[in-house]
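Participant: sharing a sequence plus its predicted fold:
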Amino acid sequence: MANRNRPLSPFMLGTSYRLQITSVMSFMHRATGIVASVGAFGMAWWLLAVAAGGQAYADAAACLGSPLGMLALFAFTFSLVYHLLNGIRHLMWDVGMGFELPEVYRSGYAVIALSVVLTAAIWFIALRGGA
Amino acid sequence: MSETKTPDAASRPRDFRTPVARARGLGSGKTGTDHFWWLRVTSVALVPLFAWFIGTLVSLVGADLATVQTVLARPFNAIAFALFAITTFWHAKLGLQVVIEDYIHQRGLEIALQLLVTFACAAGALASLYAIARIALLG
C-alpha cells in the first residue's frame, strides 16, 4: 500500500500493450472460467429440477431446449472444454514442462484446435440424439 | 558494499517501525500457498470428473425424466456427481476470488463481491448435493 496512485491491472490494455496469442489465451482462461462458474449454477438449477420432477423438470427442459438455452449450453460446453484443456496446459507448466516459447505457442495452438474439435464432437453426438 | 542500508531505504524518510510491524496486515505468511495449492488439487480432480460429467450428460440427451432420474440415482453416478459438484463450486470460488482481487479496485465493492461469491458457491454446492441426495435416495 505504499503508492495508492499506482496503475492497476488491466491499465495497459489497449494503450501500451500489444496482445499476443499467449496473453489472449491467459485472458480467455479467466473468461471461460467465469462462464463455466455461471454454468455451474445452471447445473445446480437443473439438478434441482430433476429432483423435483413434474412441471419443474418440464419447464427446465423446455428452457434448455429453446434456442437461447441451447446457445447458453453451447457457451458452457466450449468454456468448460477450453478451461479444462488450458488448465491441463497450466498444470504442465506447474510441474516445469513446456516453458520454452516455441513450446508455449505450440501447446497454445493445440489447446485452441482441440477445444474446437472436442466441443464440435460433443455437440455432434448430442444433436444426433445422444450416445 | 560497505553500506548496510540499500540506497532506496536511505533516500526514504526514516521509519522507526520494525520489519514485522511493516509486514503485519499485508497478508499471512502461513497460508500463502494454500489458495494456489487447492486450486491445483481441485483442478486435477476435475479432469476425470469432467470426462464423466460430459459423457453422462451427452448420454442423457433426449431421455425422459424417469430415465434421467434412474441414471443419476445409480450409486456410482450419484457419488461422481456429488464429487463433481463439490469440486466445481470449490474451484469456482477460488478462481473467481482471484478475478475479483485482480480487477475490482474499490475496497467495499471487492469485499461485497467476495462475500457474494463465497455464499453463492456454498449455496450452489449444497443445492446440488441436496438434489443428488433426493434423486438417489428418494427416487
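Facilitator: Cool, got the structure. What you see is a predicted model, and the numbers here were worked out from it, not measured in a lab.
Participant: how about stretch B:40-60, does it reach chain A?
Facilitator: Yes: contact of stretch B:40-60 with chain A (C-beta under 8 Å from any C-beta of the partner chain) involves B:40, B:43-44, B:46-47, B:50, B:54-55, B:58-60. In this view, the C-beta of every residue, glycine as well, is placed from N, C-alpha and C.
Participant: other residues contacting that stretch?
Facilitator: With contact meaning C-beta atoms under 8 Å, 6 or more residues apart in numbering or on different chains, stretch B:40-60 is reached by A:77, A:80, A:84, A:87-88, A:90-91, A:94, A:122, A:125-126, A:130-131, B:67-68, B:71, B:77, B:80-81, B:83-84, B:87-88, B:90-91, B:94.
Participant: write a ChimeraX command that selects only the buried members of the residues of stretch B:40-60 next to chain A.
Facilitator: In ChimeraX, the members of the residues of stretch B:40-60 next to chain A classed as buried (16 or more other C-beta atoms under 10 Å in any protein chain shown) are selected with the following command:
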select /B:40,43,46,50,54,58,60
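Participant: next step: the contacts of stretch B:40-60 restricted to strands.
Facilitator: Judged by DSSP state E, the subset of the contacts of stretch B:40-60 located in strands is empty.
Participant: buried subset of these?
Facilitator: Using 16+ other C-beta under 10 Å as the burial test, these include A:77, A:80, A:84, A:87, A:122, A:125-126, B:68, B:71, B:77, B:80-81, B:84, B:87-88, B:90-91, B:94 as buried.
Participant: now, which of the residues you listed lie within helices?
Facilitator: Assigned to helices by DSSP state H, the following of the buried ones among the contacts of stretch B:40-60 qualify: A:77, A:80, A:84, A:87, A:122, A:125-126, B:68, B:71, B:77, B:80-81, B:84, B:87-88, B:90-91, B:94.
Participant: can you tell me the closest non-neighbouring residue to residue 75?
Facilitator: Because you didn't say which chain, this covers chain A. Counting by C-beta to C-beta, 6 or more residues apart in numbering or on different chains, the nearest residue to A:A75 once its immediate chain neighbours are dropped is A:V35, at 5.8 Å.
Participant: the chain in question should be chain B.
Facilitator: With C-beta to C-beta, 6+ apart, the residue lying closest to B:P75 is B:A136, at 7.6 Å.
Participant: next one: A:L13
Facilitator: Residue nearest to A:L13 in three dimensions, not counting chain neighbours: A:L19, with 7.6 Å by C-beta to C-beta, 6+ apart.
Participant: could you do A:W45 as well?
Facilitator: Closest residue to A:W45 apart from its sequence neighbours, by C-beta to C-beta, 6+ apart: A:A60 at 7.0 Å.
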